[in-house]
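**Student:** What follows is a predicted structure for the sequence shown.
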Amino acid sequence: MTIFNATSHTIEQAAQCLKKGGLVAFPTETVYGLGADAQNSEALKRIFIAKNRPQDHPLIVHLASFDQFDAWAHDIPDSAVKLAQHFFPAPLAIILKKRHDINTIVTGGQDTIALRVPNHPVALDLLRAFGGGIAAPSANRFCRISPTQAIHVQQELGERVDLILDGGACEIGVESTIIDLSGEHPMLLRYGQVMRSELEEVLNLNVLIPDVLRKSTVRTAGMMNTHYAPVTPAMLCESMAILHFVQANTQMNVGILSCGHDDFPSSAHCTVMSLPANPVGYAQSLYATLRELDTLKLDVILVETPPQTENWQAINDRLAKATHNFRER
Ligand code: TXA
Ligand code: MG
């Protein structure tokens, strides 16, 4: 595996690697993706093996522009056109009815397909150089924290990936919003930077969430309870509860992930890492900071509960999943 700084030359090399059935990790505005030619069955199978991902867990196909959508989907509704015109390129994946000639490996056997035009110059240059669709899940092992820097991909996947394009740290830091437009009603399958209220405003329609209308049997990250998780047990707590926990458990090695507070007591047994108290800055650094805390051999990570407003929803969703195992115990 080689890490290259993304330049026009190395992007061309990466496109050639994809054409030969290779796996290329590349930056997007959300997180790093593990890319393969979305029409090459053998290359697609390698993605599932590299990630230890179950084969019925479908992949998002990345495209250079919305014009290419009808090579992958059929019966594209007006709602998809509206969203594409308003948002694309964007951290927004749209689920549509898949064309019959499309490989079912990429869709995990489903008759729908997730498509997205990423808003990152390296991803777009790679897509243009390659010409076709690039299937790309986040470039981490299944259920682990998504990588937001090239070095994280190397740590997660090592020799399982042929080439890593380094485009610096991802600007958004959490995965794309996923909206399903393949059924009767638009459904939000994963929270991301594009908010439900923004989608509703552009569509002039209610966007339902699966708890409200759970017709589908689809497997998607938004519907799994444990995901995006550090190895260290992690727990969501209000700031007062954090202080009490630290006072009551002096024998434990505790990590604190604070939301804007710099007044938690740090000591030999207590490591405090602080994220900004605004959702943009918080999301940008969240996964890298969780990774760092995860290397410290702590007994527990206490995550200070962020605000509960809509612009924090994607973050709260990821934190709920990162802390799910510990809550259940
Ligand atoms: O931000 C992102 O979307 C990143 C970057 C690399 O683009 N990609 C990403 O891919 O997060 P992945 O595979 O880690 O998550 C995609 C989610 C999966 O949970 C998958 O189940 C869901 O999208 N998905 C894909 N196709 C679907 C479909 N046809 N129906 C329902 N869910 C689908
Ligand atoms: Mg993922």
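**Tutor:** Alright, I've got the coordinates. Just so we're clear, the structure is a prediction, and the values are computed from it rather than from any experiment. Numbers count the residues shown, from 1 in each chain. Ligands and ions are numbered 1, 2, ... in the order given.

**Student:** ok, the strand or helix carrying residue 4: who's next to it in the sheet?
**Tutor:** Using DSSP states H and E, residue 4 sits in strand 2-5. Here strand 2-5 is paired, per DSSP bridges, with strand 163-166 (parallel).

**Student:** Convert the C-alpha atoms of the strand it pairs with to PDB, please.
**Tutor:** These are the backbone C-alpha positions of strand 163-166, laid out as PDB (Å, rounded to 0.1, in the frame of the first residue of the first chain):
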ATOM      1  CA  LEU A 163      -3.300   3.100  -2.700                       C
ATOM      2  CA  ILE A 164      -4.300   6.000  -0.400                       C
ATOM      3  CA  LEU A 165      -4.700   9.500  -1.800                       C
ATOM      4  CA  ASP A 166      -4.000  12.000   0.900                       C
END
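
**Student:** about what we covered before: can you list the buried residues in the strand holding residue 4?
**Tutor:** Going by neighbour count (16 or more other Cβ atoms under 10 Å), the buried part of strand 2-5 is residue 4. Every residue, glycine included, has its C-beta placed from N, CA and C.

**Student:** pLDDT of it, averaged?
**Tutor:** Averaged across strand 2-5, pLDDT comes to 94.

**Student:** One more: stretch 282-298?
**Tutor:** pLDDT averaged over stretch 282-298 gives 96.

**Student:** do it and ligand 1 meet?
**Tutor:** No. Stretch 282-298 does not reach ligand 1 (Cβ under 6 Å from any ligand atom); its nearest approach is 11.7 Å.

**Student:** Only C-alpha atoms, please: export that stretch in PDB.
**Tutor:** Coordinates of each C-alpha in stretch 282-298 appear next as PDB, following Å, rounded to 0.1, in the frame of the first residue of the first chain:
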ATOM      1  CA  TYR A 282     -17.200  19.500  16.900                       C
ATOM      2  CA  ALA A 283     -18.000  17.200  13.900                       C
ATOM      3  CA  GLN A 284     -14.700  18.100  12.200                       C
ATOM      4  CA  SER A 285     -12.600  16.800  15.100                       C
ATOM      5  CA  LEU A 286     -14.900  14.200  16.700                       C
ATOM      6  CA  TYR A 287     -13.600  11.000  15.100                       C
ATOM      7  CA  ALA A 288      -9.900  11.900  15.200                       C
ATOM      8  CA  THR A 289     -10.300  12.800  18.900                       C
ATOM      9  CA  LEU A 290     -12.200   9.500  19.700                       C
ATOM     10  CA  ARG A 291      -9.400   7.600  17.900                       C
ATOM     11  CA  GLU A 292      -6.800   9.400  20.000                       C
ATOM     12  CA  LEU A 293      -8.700   8.700  23.200                       C
ATOM     13  CA  ASP A 294      -9.000   5.100  22.100                       C
ATOM     14  CA  THR A 295      -5.200   4.700  22.000                       C
ATOM     15  CA  LEU A 296      -4.700   5.700  25.600                       C
ATOM     16  CA  LYS A 297      -5.800   2.400  27.200                       C
ATOM     17  CA  LEU A 298      -8.500   4.100  29.200                       C
END
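
**Student:** how far out from the middle of the chain is that stretch?
**Tutor:** 15 Å (Cα atoms, centre = their mean, to the nearest Å).

**Student:** on contacts alone, who are the packing partners of the helix or strand following the strand holding residue 4?
**Tutor:** Using DSSP H and E, the next helix or strand after strand 2-5 towards the C-terminus is helix 8-19. Using 3 or more Cβ pairs under 8 Å, 6 or more residues apart in numbering; DSSP states H and E, the elements in contact with helix 8-19 are strand 2-5, strand 24-26, strand 33-37, helix 121-130, strand 163-166.

**Student:** Redo the ones you listed as a markdown table? Include distance to residue 110.
**Tutor:** Formatted as a markdown table, the helices and strands packed on helix 8-19 follow (distance: least, Cβ to Cβ, whole Å):
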| stretch | distance to residue 110 |
| --- | --- |
| strand 2-5 | 34 |
| strand 24-26 | 25 |
| strand 33-37 | 18 |
| helix 121-130 | 23 |
| strand 163-166 | 29 |
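
**Student:** Grab the longest helix from this structure for me.
**Tutor:** helix 279-294 (DSSP state H).

**Student:** quick one: terminal-to-terminal distance for stretch 182-189?
**Tutor:** Length of stretch 182-189, first residue to last, Cα to Cα, to the nearest Å: 12 Å.

**Student:** Now the longest helix of the chain: buried residues?
**Tutor:** 279, 282-291, 293-294.

**Student:** tell me what that helix is packed against?
**Tutor:** Counting contacts by 3+ Cβ pairs under 8 Å, 6+ apart, helix 279-294 is packed against helix 150-157, strand 254-259, strand 270-275, strand 300-304, helix 313-322.
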